[in-house]
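Colleague: predicted coordinates and the sequence they were generated for:
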Amino acid sequence: MKAGIKKHIRQLLWDYQHIEKKLQEYEDVMLMNRNPFLEYPVEQPTEKITISQIAFHKLFLQTVEDILADSTRDVQDIFLVKYKNGYLYKKNEFVACETFLSESTIARRDTEFIHEIAYRLGWYEI
């Protein structure tokens with residue numbers, strides 16, 4: 001798999017909480033048929049997003065949730081510590097301290113996780 005694809009998937013994983021929050025905001029706007037930004041104008045919204053981006057982010061979150069549901073506890077712990085509750089470019093040494101796994105196990109499981117996401121999204125290249 002190309003390094004660019006891995007980098008992009010990791011960036012999406014690090015943005016997981018932000019994506020989840022934004023999708024929830026858009027869902028609230030669509031379900032309630034009102035825009036809270038118009039009712040309480042603090043500042044002008046600058047972020048623009050297309051329907052395709054919303055659909056992709058929803059697909060990505062669902063794919064990650066499906067993979068985590070089928071995964072071992074090790075992979076779930078690595079995801080929580082490194083991506084969901086972690087910070088950008090968190091080193092495997094710190095993840096190892098928090099999950100009580102070896103660095104090589106973390107690297108292997110993380111790579112398998114990234115490959116599985118790429119495969120399910122149709123981005124996997126041999």
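Modeller: Sure thing, it's come through.
Colleague: now do the helices in this structure.
Modeller: Here the chain has its helices, by DSSP state H, at 3-14, 16-32, 36-39, 51-70, 73-78, 92-99, 103-121.
Colleague: what's the least confident stretch among those helices?
Modeller: Note on the helices of the chain: helix 36-39 shows the lowest mean pLDDT, a mean of 64.
Colleague: just the pLDDT for M1.
Modeller: 73.
Colleague: so it touches A118, yeah?
Modeller: Yes: the criterion here is C-beta atoms under 8 Å, and M1 meets it with A118 at 5.8 Å. In this view, the C-beta of every residue, glycine as well, is placed from N, C-alpha and C.
Colleague: as CSV, the helices of the chain with distance to N85 and mean neighbour count would be great.
Modeller: As requested, those are exported to CSV (distance: least, C-beta to C-beta, whole Å; neighbours: other C-beta atoms under 10 Å):
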stretch, distance to N85, mean neighbour count
helix 3-14, 11, 15
helix 16-32, 8, 13
helix 36-39, 27, 10
helix 51-70, 14, 14
helix 73-78, 10, 17
helix 92-99, 9, 16
helix 103-121, 15, 17
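Colleague: I'd like the distance between T72 and Q11.
Modeller: Distance of T72 to Q11, computed by C-beta to C-beta, to the nearest Å: 24 Å.
Colleague: same question, K2
Modeller: Counting by C-beta to C-beta - K2 and Q11 are separated by 14 Å.
Colleague: again, but for T99
Modeller: On the measure of C-beta to C-beta, T99 and Q11 end up 22 Å apart.
Colleague: next up, phi/psi of S71, please.
Modeller: Note on S71: its backbone torsions stand at phi -90, psi 170 [degrees, to the nearest 10].
Colleague: what about it, distance to F113?
Modeller: Going from S71 to F113 by C-beta to C-beta gives 7 Å.
Colleague: give me the common contacts of the two.
Modeller: Shared contacts of S71 and F113, defined by C-beta atoms under 8 Å, 6 or more residues apart in numbering, are absent.
Colleague: OK, contacts around I78?
Modeller: Per C-beta under 8 Å, 6+ apart, neighbours of I78: 95, 99, 101, 106, 109-110, 113.
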